[in-house]
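Trainee: quick one, fold the following:
(one chain, ligands or ions: 2)
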Amino acid sequence: MKSMCLEVKKRVSKLRQLLQQASYAYYVLDNPIIEDIIYDNLYRELQNLEFHYPQLVTADSPTQRVAEKPATHFNSIYHNVPLYSLENAFNIKELKAWEERWLRQAPESGFIEYICELKIDGLALALTYKNGILVRGVTRGDGIIGEDITNNVRTIRVIPLRLNLEGLENLEHVEVRGEAFLSIDVFEKINHEREKAGERLFANPRNAAAGTLRQLNPKIAAQRKLDFFAYTLHLPNINEEEQIVSNHWQSLELLQKIGFKVNSYKYLCTSLEEVINYYQQWDTERFNLPYMMDGLVVKINSLSLQKQLGFTQKFPRWAIALKYSAEQTTTMVKNITINVGRTGAVTPLAEMYPVKLAGTTVSRATLHNGNYISQLDIRVGDTVIVRKAGEIIPEVIRVLVELRLPNTQPFKMPTNCPICNQALVKLLDEAVTRCVNMSCPAILKGAIEHWVARDSLDIKGIGGKTVQHLVDQGLVTSVADLYDLTAEQLCKLEHIGEKLSVKLIDSIASSKQKSWSRVLYGLGIRYIGKVTAKRLASKFTTVEQLSNVNIINIEETYGVGKEVASSINQWFKSSKNQDLITRLQAQGLKFTTSLEAKNISNNNQKLTGKIFVVTGILPTLKRKEVKELIQKAGGKVTNSVSKETDYVIVGRDAGSKLTKAKELGTTLLVESQLLEILQ
Ligand SMILES: NC(=O)c1ccc[n+]([C@@H]2O[C@H](COP(=O)([O-])OP(=O)(O)OC[C@H]3O[C@@H](n4cnc5c(N)ncnc54)[C@H](O)[C@@H]3O)[C@@H](O)[C@H]2O)c1
Ligand SMILES: [Zn+2]
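Mentor: Numbering: from 1, shown residues only. Ligands and ions are numbered 1, 2, ... in the order given. Sure, this is the predicted structure:
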């Protein structure tokens, strides 16, 4: 047995406490206090700790039982056959491990067939039929004892009160298990009505279904259109059950024949590969279903193999719930650090224990700003929920205060810049704290890294390390200093030999050929991204034009909003920035658009005869603006994608048009590519 520190013991007891509370709220009150995926995560953590420290396992641990004991207002009923839970797999690796595990137990099983079913997010019911008549409907309860909700079950229209046993009269006793659920539509309607009546809202369709079934008044249950899919058939009085059904697929067919609704997306697979394909297919398609599903249930088809494998204390060994990876997870904050960006913005970051999140491993998450931290009261040592949506950097969205250890302290944002030690500033209308010391090494480094980056002046060979050395040694205090550097100076820096230093000087010099729009982007003026820089540079062909222009004129440029306009205005007001421009001009950098680089508004006819479709939300251009741009250049914009379409311009949340374009193999462009073509 491993020796165990007090920390582990405390953690286990905290986890158990929270899981018990959550489980009670979920099963008994139908009013969950944490998200399912967070529950699953913490449950896994507890399971893991108990595995490594078996002396900590207690009989009442949530890992040791199927569910909470049911509430008391219905009669308790012992199940004829226990209702087990399902083991979870959260990814393909875990699915494969499951297959290996059961194969070890039944190595000679030969040809394998799996049945995949959708894991509908509802609640399990056990139905008993005697001589074809529904006599009992019971909730799963804790798996051994459930609640008798027969009266409510009778109100579910898709559950037959009498089975169709024609030719099957020997099936005197039939036990059916399946999932009762509410469609998303009905769920929303119920919540809408509850809201109007000032009642508590249900957290999700599952909880609404559970709440409905455990209503004492069957009339109310009847009003709510509960639905039901059957998935298991037991024939307790038939000794040779296999003679009627020998595999799960046949059970499902028989269930259908005797009058049940069986989900039509059941799927027979002859290898794990096929299961994996089916799983991946549903990863996106599941959102089109009218009801919620949170994974697949994979079952071994052969009933005799099922029998051979049997059950653990909680699960059948022959089935597994294969769930979809979530965009949220839990982890612990090791430290809170502060990053100073090139705009001086100070961003607190949570350094966390690495966790898998939406397919990648993350160990840092943004905490946005000081207000955010104090609102959520995020502390070092806390267990937190992190979320990653799309491509956004992960963020901490909540603290599980219940798991907090004593002696933690609220986090205090520093009052001084951690890099240059000057006092930080918080402007009234901003949540962000900033270092406003323009010679702060952090800001300077950021500014130089941005200047040399590929999309800016593209100075090859100067990376983060070199920039760091240049700033630390005081060789560079502004981007203009780069152009005064000599090979001798560079040579003296760590990692840079004679050859490399000559090369670097060359690449610095050749950056003088880069266009005005790149220079403008490279200056790193707030809100000026690549696309905006291009647009501005083509409208204002000299820096003088841009710096003298008033806000309204800037705003007339496509896709340039108020924020950009006032940011430009501010920037050019600073005499320090004016000096920088004078110096860079003297050094030979381009601050005008050359004649060859014609601008967008030049009415070139590059797109003559080309047919475009635009779909989704573009980063800067409005629909009308893209259309105008394309038409000015001789192109045509139509509404639907066909074989005639030459290009589809794709933005965020693009839908069916994008799908169609992919099918047809039409060339896809994003906004910046279109603008590039037009330049
Ligand atoms: N949010 C919370 O606080 C909280 C608390 C406790 C439990 N939970 C959730 O409940 C889950 C544990 O509940 P569980 O024990 O019911 O396990 P489960 O939901 O992971 O899997 C078992 C259940 O799947 C259902 N199911 C759906 N389709 C099925 C099919 N085709 N074949 C067989 N079964 C099918 C059945 O109802 C069955 O009982 C956890 O994973 C967690 O997400 C959440
Ligand atoms: Zn600073």
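Trainee: find the nearest non-adjacent residue to the residue in the stretch 401-550 of the chain positioned nearest to ligand 1, please.
Mentor: Closest residue of the stretch 401-550 of the chain to ligand 1, CB to the nearest ligand atom: Glu402 (11.8 Å). Just so you know, the C-beta spots here come from the backbone N, C-alpha and C atoms, and that holds for glycine as well. Nearest residue to Glu402, sequence neighbours excluded (CB to CB, 6 or more residues apart in numbering): Leu18, at 4.5 Å.
Trainee: can you map out the strands along the stretch 1-150 of the chain?
Mentor: For the stretch 1-150 of the chain, applying DSSP state E, counting those that start in this stretch gives strands covering 76-78, 88-89, 114-120, 123-130, 133-139, 145-147.
Trainee: reformat the ones you listed as TSV; add mean neighbour count.
Mentor: Compiled in TSV, the strands of the stretch 1-150 of the chain are given as follows (neighbours: other CB atoms under 10 Å):
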stretch	mean neighbour count
strand 76-78	15
strand 88-89	19
strand 114-120	23
strand 123-130	21
strand 133-139	20
strand 145-147	22
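Trainee: low-scoring stretches of the stretch 301-450 of the chain, by residue?
Mentor: In the predicted model of the stretch 301-450 of the chain, residues 389-391, 428 satisfy pLDDT under 70.
Trainee: next to ligand 1, which bits of it? Give me the list.
Mentor: Residues of the stretch 301-450 of the chain lying close to ligand 1 by CB under 6 Å from any ligand atom are Ala321.
Trainee: ok so, going back, which among the strands of the stretch 1-150 of the chain is found nearest to ligand 2?
Mentor: Closest to ligand 2 of the strands of the stretch 1-150 of the chain, according to CB to the ion: strand 88-89, at 47.5 Å.
Trainee: who touches the closest one?
Mentor: The contact list for strand 88-89 (CB atoms under 8 Å, 6 or more residues apart in numbering) reads Asp40, Glu94, Leu95, Ala97, Trp98, Ile320, Ala321, Leu322, Lys323.
Trainee: redo that, cut-off 6 Å
Mentor: Under the contact criterion CB atoms under 6 Å, 6 or more residues apart in numbering, strand 88-89 has outside partners Leu95, Trp98, Ile320, Ala321, Leu322, Lys323.
Trainee: now that strand, how far from the centre of its chain.
Mentor: On the basis of CA atoms, centre = their mean, to the nearest Å, strand 88-89 is displaced by 19 Å from the centre of the chain it belongs to.
Trainee: mind listing what it pairs with, with the direction of each?
Mentor: Taking DSSP bridges as the criterion, strand 88-89 sits next to strand 319-323 (parallel) in its sheet.
Trainee: got the angle for the partner strand vs strand 114-120?
Mentor: Orientation note: strand 319-323 sits at an angle of 50 degrees relative to strand 114-120 (axes from the mean of the first three to the mean of the last three CA atoms, to 10 degrees).
Trainee: restrict strand 319-323 to CA atoms and write it as PDB.
Mentor: In PDB, the C-alpha atoms belonging to strand 319-323 read as follows (Å, rounded to 0.1, in the frame of the first residue of the first chain):
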ATOM      1  CA  ALA A 319     -21.400  -2.800 -22.800                       C
ATOM      2  CA  ILE A 320     -19.900   0.700 -22.600                       C
ATOM      3  CA  ALA A 321     -21.100   4.300 -22.900                       C
ATOM      4  CA  LEU A 322     -18.900   6.100 -25.400                       C
ATOM      5  CA  LYS A 323     -19.300   9.700 -24.600                       C
END
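Trainee: any residue of stretch 414-430 touching ligand 2?
Mentor: Yes - contact between stretch 414-430 and ligand 2, assessed by CB under 5 Å from the ion, occurs at Cys417, Ile419, Cys420.
Trainee: so what's the residue count around the spatially closest residue to the second one that is not a sequence neighbour?
Mentor: When you say that, I think you mean Ile419. Distances taken as CB to CB, 6+ apart put Ala442 closest to Ile419, at 4.0 Å, once the chain neighbours are dropped. Per other CB atoms under 10 Å, the neighbour tally for Ala442 reads 21.
Trainee: pretty sure Ala442 contacts Cys420?
Mentor: No - Ala442 is beyond contact range of Cys420, at 7.0 Å (criterion: CB atoms under 6 Å).
Trainee: for the stretch 101-250 of the chain, which spans come out with low pLDDT?
Mentor: The model of the stretch 101-250 of the chain has pLDDT under 70 over residues 241-242.
Trainee: quick check: closest non-adjacent residue to the residue of it found nearest ligand 2.
Mentor: Residue of the stretch 101-250 of the chain nearest ligand 2, by CB to the ion: Ala203 (44.9 Å). Leaving out its chain neighbours, the residue that sits closest to Ala203 by CB to CB, 6+ apart is Pro32, at 5.3 Å.
Trainee: dump the residue contacts of that neighbour.
Mentor: Ala25, Tyr26, Ala203 are the contacts of Pro32 under CB under 6 Å, 6+ apart.
Trainee: neighbour-wise, which of those residues leads?
Mentor: Counting neighbours by other CB under 10 Å, the top entry in these is Tyr26, with 21 neighbours.
Trainee: so who does that residue touch?
Mentor: By CB under 6 Å, 6+ apart, Tyr26 lies in contact with Pro32.
Trainee: so how far is ligand 2 from the residue nearest to Ser439 when sequence neighbours are not counted?
Mentor: Of all residues not flanking Ser439 in the chain, Thr477 sits nearest, at 6.3 Å (CB to CB, 6+ apart). Per CB to the ion, to the nearest Å, Thr477 is found 14 Å from ligand 2.
Trainee: one more: Ala25?
Mentor: Between Ala25 and ligand 2 the computed distance is 47 Å (CB to the ion).
Trainee: could you do Lys426 as well?
Mentor: Applying CB to the ion to Lys426 and ligand 2 gives a distance of 14 Å.
Trainee: how about that residue: what's its closest non-neighbour residue?
Mentor: Thr433 (4.8 Å).
Trainee: taking the contacts of strand 88-89, tell me the two that lie furthest apart.
Mentor: Trp98 and Lys323 (12.6 Å; CB to CB).
Trainee: got the phi and psi for Asn301?
Mentor: Backbone torsions for Asn301, taken as degrees, to the nearest 10, come to phi -70, psi -40.
Trainee: please name the spatially closest residue to the residue nearest the centre of the chain (chain neighbours excluded).
Mentor: Geometric centre of the chain, nearest residue: Glu327, 3.0 Å, by CA atoms, centre = their mean. Excluding its sequence neighbours, the residue lying closest to Glu327 (CB to CB, 6+ apart) is Ala358, at 5.0 Å.
Trainee: pLDDT value on the residue nearest to Gly561 when sequence neighbours are not counted, please?
Mentor: Leaving aside its sequence neighbours, Gly561 sits nearest to Glu555 (CB to CB, 6+ apart; 7.1 Å). At Glu555, the model reports a pLDDT of 71.
Trainee: what is the burial count for Glu555?
Mentor: Glu555: 14 neighbours (other CB under 10 Å).
Trainee: ok, now how distant is the closest residue to Ile37 other than its chain neighbours from ligand 2?
Mentor: Spatial nearest neighbour of Ile37, excluding adjacent residues (CB to CB, 6+ apart): Ala326 at 4.2 Å. Separation of Ala326 from ligand 2 (CB to the ion): 38 Å.
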